[in-house]
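**Student:** Okay, here's the prediction I keep looking at, along with the sequence it came from:
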Amino acid sequence: MEKRSSATTGVRSYLLIVKLSNIPAQLQEWTNLIPKKVNPESAVFQNIQNTLQTDPHEFSYRNKGLTIVPSKMFNEQSTSTLTIELDNPEICGLIDGKTTLNAILDYLQHLNREAQIELEAEVSIEILTGVNDKERLRELVHARNSSVAYEGAMVDEDSTKAIRQVLEVEGLNKIVAYKYEELAEKPVDIHSIISYLPLLNPLKFEASDLVFTLISKNKAVKEYQKFLQATEGQPDLQRQFNSLLLLLPSLLNLRDTIYKELPEVWNQIAGLNYEKLNIARKLSKSPFFGSYRESLAEEIYSVPDTFIYPLLASFRNNLELNENGRYQWKVEPNQLWSEAKLELVKKLKELAKSNSFNASKVGKNTLTWSSLSDVMELKLLKRK
């Protein structure tokens, strides 16, 4: 436990790293000091849960954590136990991290107890003592929740202009946050959308080179921008890349279909059922981008990006250049998924088993990407 103190204000700060399964659900009852409402459909909320699912061991580094002002605190050094008391909601409780707390508790709620305990995720918690009056407390809450770290476009507008035009045709811009201030309202940020584009781009990347799309969305954006610059003054290259952009909506629709159907296909194959995986959570809100988004009529389980991205990347084998020098699908993607899903998911399940069903390891293993690509290539050859 790290300790800091201020000689002038008398405030002391204690910084802890706590396993998520040790966070009491009752803490959610002590968030009224923060006036803002939490939107579980927002990109911020979704990104927090995506990190928990895809990179749980990095959660404490990627998230700023929680800040709590208690009424009392007891540190039992002999047992390494820290106890805090909350007794007056007007002067104690959570003062920062309301969205983080809600996202964590919602995530844990949809895991069984065994999966909660095995979850390799920790969160940083700052405990502030010596905050003795309401005015001082209000100042702290305001300072920590009112500032906007960034404003404006997340990616420069020239780089996203073509994406906007393509997504507008399908009505998808209403769910995409292009600006930082839109993150609290819209469920998908533009970095996530751009991270799908390398999966389609045979002009620059081999299938086994695509692990970076999972590790860093920012790198995916930079690679996209670099490629845009490289196409300047190259009309043939621009034509090919623009044709790939036109396929983005169908790729996102395919992503939704895979997300929706993968658990059921997984269970058709011998071995551990999908709902027994530690990453499998019953969802209470829609994870979809397009046509499935409006309804959760049936039970939907979460599917990690570390499964989705390598599966999508295998569909680059389904691309061909037409006589006009533009890329197009050989076979309608959802139709091809319907034909190939059993073989693809069987291979994915084999790879998952060899990685102890650790979803993060599965997606970050280049063998996963190349193996699924080989399955799809063979499927298309047999189809001719």
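**Tutor:** Nice, thanks for sending it over.
**Student:** who's in contact with residue 360?
**Tutor:** Residue 360 sits next to 54, 55, 56, 57, 304, 306 when contact means C-beta atoms under 8 Å, 6 or more residues apart in numbering. Heads up, the C-betas are built off the backbone N, CA and C, glycines and all.
**Student:** ok, 10 Å please
**Tutor:** Residue 360 is in contact with 53, 54, 55, 56, 57, 58, 120, 214, 279, 304, 305, 306, counting by C-beta atoms under 10 Å, 6 or more residues apart in numbering.
**Student:** now residue 251
**Tutor:** Counted by C-beta under 10 Å, 6+ apart, residue 251 has contacts 196, 197, 199, 200, 244, 312, 315, 316, 329, 333.
**Student:** let's go with 6 Å and repeat that
**Tutor:** Taking C-beta atoms under 6 Å, 6 or more residues apart in numbering, we find residue 251 in contact with 196, 200.
**Student:** Check which residues of the helix or strand harbouring it are buried.
**Tutor:** In this structure, residue 251 sits in helix 248-267 according to DSSP states H and E. Residues 248-263, 265-267 are the ones in helix 248-267 that count as buried (16 or more other C-beta atoms under 10 Å).
**Student:** quick one: the strands in the protein?
**Tutor:** In the chain, the segments counted as strands under DSSP state E are 2-5, 12-19, 66-69, 72-76, 81-85, 93-96, 122-129, 176-177, 188-189, 319-321, 327-329.
**Student:** rank the ones you listed by mean pLDDT and give me the bottom one.
**Tutor:** Mean pLDDT is lowest for strand 2-5 out of the strands of the chain, coming in at a mean of 62.
**Student:** the helices in the stretch 201-350 of the chain, which residues?
**Tutor:** 212-215, 217-231, 235-246, 248-267, 305-313, 333-354 (DSSP state H, counting those that start in this stretch).
**Student:** among those helices, which is the most enclosed?
**Tutor:** helix 305-313 (a mean of 25; mean count of other C-beta atoms under 10 Å).
**Student:** Now do it and helix 217-231, the angle between them.
**Tutor:** Relative orientation of helix 305-313 and helix 217-231, computed by axes from the mean of the first three to the mean of the last three C-alpha atoms, to 10 degrees: 20 degrees.
**Student:** could you give the angle of helix 305-313 to helix 248-267?
**Tutor:** Using the same axes, to 10 degrees: helix 305-313 against helix 248-267 is 120 degrees.
**Student:** From residue 28, how far off is residue 108?
**Tutor:** Per C-beta to C-beta, to the nearest Å, residue 108 is found 11 Å from residue 28.
**Student:** The two - which one has more neighbours?
**Tutor:** Using other C-beta atoms under 10 Å as the criterion, residue 108 and residue 28 rank with residue 108 on top: 19 against 16.
**Student:** OK, contacts around that one?
**Tutor:** By C-beta under 6 Å, 6+ apart, the neighbours of residue 108 are residue 116.
**Student:** pLDDT wise, what is it at?
**Tutor:** 92.
**Student:** which intervals of the stretch 151-300 of the chain have sub-threshold pLDDT?
**Tutor:** The stretch 151-300 of the chain contains residues with pLDDT under 70 at 151-152, 207-208, 291-298.
**Student:** hmm, try it at 90
**Tutor:** For the stretch 151-300 of the chain, the stretches flagged by pLDDT under 90 are 151-159, 169-171, 179-187, 198, 200-232, 237, 278-300.
**Student:** which residue packs closest to the residue nearest the centre of the chain, ignoring adjacent ones?
**Tutor:** By C-alpha atoms, centre = their mean, the mean C-alpha position of the chain lies nearest to residue 50, the distance being 2.8 Å. Leaving aside its sequence neighbours, residue 50 sits nearest to residue 305 (C-beta to C-beta, 6 or more residues apart in numbering; 6.6 Å).
**Student:** cool, and residue 377?
**Tutor:** In space, and not counting its chain neighbours, residue 377 is closest to residue 317: 4.8 Å by C-beta to C-beta, 6+ apart.
**Student:** Over to residue 237?
**Tutor:** Closest to residue 237 by C-beta to C-beta, 6+ apart is residue 231, at 4.6 Å.
**Student:** which residues touch that neighbour?
**Tutor:** When contacts are counted by C-beta under 6 Å, 6+ apart, residue 231 touches 237, 238, 241.
**Student:** Would you mind measuring from it to residue 238?
**Tutor:** Taking C-beta to C-beta, one finds residue 231 at 5 Å from residue 238.
**Student:** State the number of residues packed around the nearest residue to residue 116 once chain neighbours are set aside.
**Tutor:** Of all residues not flanking residue 116 in the chain, residue 21 sits nearest, at 4.5 Å (C-beta to C-beta, 6+ apart). A count of neighbours around residue 21, defined by other C-beta under 10 Å, yields 15.
**Student:** Check whether residue 21 really touches residue 115, as I assumed.
**Tutor:** No: with contact defined as C-beta atoms under 6 Å, residue 21 does not count as touching residue 115 (9.3 Å).
**Student:** joint contacts of the two?
**Tutor:** Taking C-beta under 6 Å, 6+ apart as the contact rule, residue 21 and residue 115 touch no residue in common.
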